[in-house]
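>>> What follows is a predicted structure for the sequence shown.
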Amino acid sequence: MNAPASVSVPTSQHWLSFQVGDQLYAAPLAAVSEVIRDGDITPVPGSAADVLGVRHLRGRIVPVLDGGRRMGVPPLPPDPARVRIVMLAQAGQLVGLRVDAVGELLCTDGLEIEPPPPGRARRTDDPVTGVLSWQGGFVALLDVCRLCRLSGEAGHVA
């Protein structure tokens, strides 16, 4: 009998959890540069459906993705007091992800990370790399490069 395929998620790592719709997700804390309040976002004509637009952040123009659209999750009624933008940094690039609420810090030390459940919609850009049982439910762990569709090309985001 073959062993199950290993999950390409570090087993000892800290994660920032956040809510998108009714689902909990988490990004590696090392990839989170900061969490900011939702603010003015300038739409970009012709961009992907899940790109809300761009936002100025201390002299940088940062693309901002809609977390619900990117994950394919039905939206919740927005609560402006809880909506945040999680700024994710990868390979010198910065991308914002608008989420419904920011959760807690998770540590996966000693916890078993399972592969994504079978039967999920298969997408080549699916950012979910594993799931973690958490407080009677689960948290979907994300790959930031795939989430933000970062390619090897400099400057190519979303």
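All right, it came through fine.
>>> pLDDT below threshold where in the protein?
For the chain, the stretches flagged by pLDDT under 70 are 1-12, 119-124, 151-158.
>>> need the strands for it, in chain order.
For the chain, the strands defined by DSSP state E cover 14-20, 23-28, 32-37, 51-57, 60-66, 84-90, 93-99, 101-107, 113-114, 128-134, 137-142.
>>> Check those strands for me and report the most buried one.
Comparing the strands of the chain by mean neighbour count (mean count of other CB atoms under 10 Å), strand 93-99 comes out on top with a mean of 24. Where C-beta positions appear, they are placed from N, C-alpha and C, glycine not excepted.
>>> phi, psi of Asp100?
Phi and psi for Asp100, reported as degrees, to the nearest 10, are phi -70, psi -30.
>>> What separation do you get for it and Leu132?
Distance, Asp100 to Leu132, using CB to CB, to the nearest Å: 19 Å.
>>> Ala26 now?
With distances taken as CB to CB, Ala26 is found 7 Å from Leu132.
>>> Please apply the same query to Val144.
According to CB to CB, Val144 and Leu132 sit 16 Å apart.
>>> With Gly39 instead?
31 Å.
>>> likewise Ala30?
Plainly put, Ala30 is 17 Å away from Leu132 if you go by CB to CB.
>>> repeat for Leu141
Leu141 sits 6 Å away from Leu132, going by CB to CB.
>>> List the residues that are in contact with both of Ala26 and Leu132.
Common contact partners of Ala26 and Leu132 (CB atoms under 8 Å, 6 or more residues apart in numbering): Leu106, Val139, Leu141.
>>> which one of the residues you listed is nearest Val54?
Nearest to Val54 among these is Leu141, at 27.1 Å by CB to CB.
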